[in-house]
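Asks: Provide a 3D model corresponding to the input given below.
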Amino acid sequence: MFYTFLTAVCMVAGLGVALLAVRVLLRGGWFWGWLRGMLGLACLVFAVAFALAGLDMLSYKAIVAEKSLAVIKFTQVGPQRFSASLVLNDDASEHVFPVLGDQWQLDARVIKWPNALASLGVKPGYRLERVSGRYFSLEQELNAERSVYQLPQRTFGVDVWRAAQSLSLENWGIDATYGSATYLPMADGAEFEVSLSRTGLLARPFNNSAENAVGRWE
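Replies: Numbering: from 1, shown residues only. Okay, the predicted model is just below:
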């Protein structure tokens, strides 16, 4: 709800700035008209930026009590080569991609808000980002072929999470970080459930093949 509200606020702010820009641009004059024109164009740029930022925020969801996000299943296709099938619970979409190595990890983007908002019940937001593979051998990890699968996202030209990092908005209480599930072993037929809590991403064995794989690595 908060992220939909935040998107609406950005859209309204963008519309307000756009109307201001139109009003400034339509006024007459010469030199002052030129200055007003520059101001009007600047307002239009800000209006578009507000709108795009709002659309970007729609891709984030609030972190509530521990929630199941996805199930990932591995099929071995060769030595240290697996085909992964990731099914997201929100929209039942399936993503199939190769993962190389012995272990896998899922990353998510997380945005945490100032304490004042947190005290009002506003929850941090998350967006699943990528799945990567890792070799158990240090030599292979340094030299062998790596694999990273970027989960597809709709992009609108404004990345709020990256902007919060580059502008050091943590000084204002807005913290943009990565949340990562612990590396877990891959095995033929192994399935894992991925969930997210306020402490971060969690991945648990979802069938016997996954449990046996984890048991062998422990």
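Asks: Which parts of the protein are strands?
Replies: Applying DSSP state E to the chain gives strands spanning 61-62, 67-78, 81-88, 94-100, 103-112, 125-134, 148-150, 175-180, 184-185, 191-197, 200-205.
Asks: And the fifth one, what does it pack against?
Replies: Other helices and strands packing on strand 103-112, by 3 or more C-beta pairs under 8 Å, 6 or more residues apart in numbering; DSSP states H and E, are strand 67-78, strand 125-134, helix 160-166, strand 175-180, strand 184-185, strand 200-205. Every C-beta, even on glycine, is put in place using the N, C-alpha and C of the backbone.
Asks: now for the fifth one, which elements pack on it?
Replies: When contacts are defined as 3+ C-beta pairs under 8 Å, 6+ apart, strand 184-185 packs onto strand 103-112, helix 208-217.
Asks: Run the angle between the last one and strand 67-78 for me.
Replies: I take that to be helix 208-217. 80 degrees (axes from the mean of the first three to the mean of the last three C-alpha atoms, to 10 degrees).
Asks: repeat for the first one
Replies: Interaxial angle, strand 103-112 versus strand 67-78 (the same axes, to 10 degrees): 150 degrees.
Asks: List the buried residues of stretch 131-141.
Replies: For stretch 131-141, a neighbour-count test (16 or more other C-beta atoms under 10 Å) marks 131-135, 140 as buried.
Asks: Distance to residue 75 added to the residues you listed, as TSV?
Replies: Output for the buried residues of stretch 131-141, formatted as TSV (distance: C-beta to C-beta, whole Å):
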residue	distance to residue 75
131	14
132	18
133	14
134	18
135	19
140	21
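Asks: Can you tell me the closest non-neighbouring residue to residue 88?
Replies: In space, and not counting its chain neighbours, residue 88 is closest to residue 70: 4.9 Å by C-beta to C-beta, 6 or more residues apart in numbering.
Asks: if we can go back for a sec, so which of the helices and strands packed on strand 103-112 is nearest residue 191?
Replies: Closest to residue 191 of those is strand 67-78 (C-beta to C-beta; 4.5 Å).
Asks: tell me which residues of the closest one are tucked away?
Replies: Those would be 69-74, for strand 67-78 by 16+ other C-beta under 10 Å.
Asks: Contacts for that strand next, please.
Replies: 82-90, 98-99, 104, 106, 128, 131, 186-197, 203, 206 (C-beta atoms under 8 Å, 6 or more residues apart in numbering).
Asks: just the CA coordinates of it, formatted as CSV?
Replies: This file holds the C-alpha atoms of strand 67-78, laid out as CSV (Å, rounded to 0.1, in the frame of the first residue of the first chain):
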residue,chain,number,x,y,z
LYS,A,67,6.8,-14.3,3.3
SER,A,68,7.4,-17.0,0.8
LEU,A,69,8.6,-15.4,-2.5
ALA,A,70,9.6,-18.1,-4.8
VAL,A,71,10.6,-21.8,-5.4
ILE,A,72,13.8,-22.6,-7.4
LYS,A,73,14.5,-26.1,-8.8
PHE,A,74,17.7,-27.4,-10.3
THR,A,75,18.3,-29.9,-13.0
GLN,A,76,21.8,-31.1,-13.7
VAL,A,77,22.8,-30.9,-17.3
GLY,A,78,26.6,-31.6,-16.9
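Asks: Give the rounded mean pLDDT of that strand.
Replies: Across strand 67-78, pLDDT averages out at 91.
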